[in-house]
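Novice: Okay, predicted coordinates and the sequence, questions at the end:
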Amino acid sequence: MELYNDLTKNTDLYLKTLAMDIKRQQGIYYTDLELTDIIREKVLEKISAEEINEVNFLEPCVGSGNFVISYIKNAA
């Protein structure tokens, strides 16, 4: 859980340093950590414990890594 907390702090700091006008200009949008947790929970509800090791997850636009961080939180 310490890793998750460190990642969360670093992600929040990174997102706060990006100016809003630059985000808009470049089309940069990040999914909030709370929302990624909800999405992860909904996806994992559909997968049995036996299937979880057989499933690959793809995050093609990693951005700030919130989906990856949410998965790490769940795996810990």
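Specialist: Happy to help now that I have it.
Novice: what about Ser70, which SS state?
Specialist: helix (DSSP: H, G, I helix; E, B strand; the rest coil).
Novice: What distance do you get for it to Tyr30?
Specialist: 13 Å (Cβ to Cβ, to the nearest Å). For glycine as for every other residue, the C-beta is placed from the backbone atoms N, C-alpha and C.
Novice: In terms of neighbours, single out the busier of these two.
Specialist: Applying other Cβ atoms under 10 Å to Ser70 and Tyr30 shows that Ser70 carries more neighbours, namely 24 against 17.
Novice: For that one, give me its contacts.
Specialist: Leu33, Thr36, Asp37, Ile39, Arg40 (Cβ atoms under 8 Å, 6 or more residues apart in numbering).
Novice: Just the buried ones from these?
Specialist: Neighbour counting by 16 or more other Cβ atoms under 10 Å classes Leu33, Thr36, Asp37, Arg40 among those as buried.
Novice: out of those, who's nearest Lys9?
Specialist: Nearest to Lys9 among the buried ones among the contacts of Ser70: Leu33, at 11.0 Å, using Cβ to Cβ.
Novice: The closest one touches Ile69, doesn't it?
Specialist: Yes. Here Leu33 reaches Ile69: they are 6.7 Å apart, a contact under Cβ atoms under 8 Å.
Novice: Same list (the contacts of Ser70) but as JSON lines, adding distance to Arg24.
Specialist: Formatted as JSON lines, the contacts of Ser70 follow (distance: Cβ to Cβ, whole Å):
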{"residue": "Leu33", "distance to Arg24": "21"}
{"residue": "Thr36", "distance to Arg24": "22"}
{"residue": "Asp37", "distance to Arg24": "26"}
{"residue": "Ile39", "distance to Arg24": "24"}
{"residue": "Arg40", "distance to Arg24": "27"}
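Novice: This structure: helices as residue ranges?
Specialist: Under the criterion DSSP state H, the chain contains helices at 2-17, 20-26, 33-45, 66-75.
Novice: deepest of those, which one?
Specialist: Ranked by mean neighbour count, these are led by helix 66-75 with a mean of 18 (mean count of other Cβ atoms under 10 Å).
Novice: For Glu54, give me the pLDDT.
Specialist: We have a pLDDT of 84 for Glu54.
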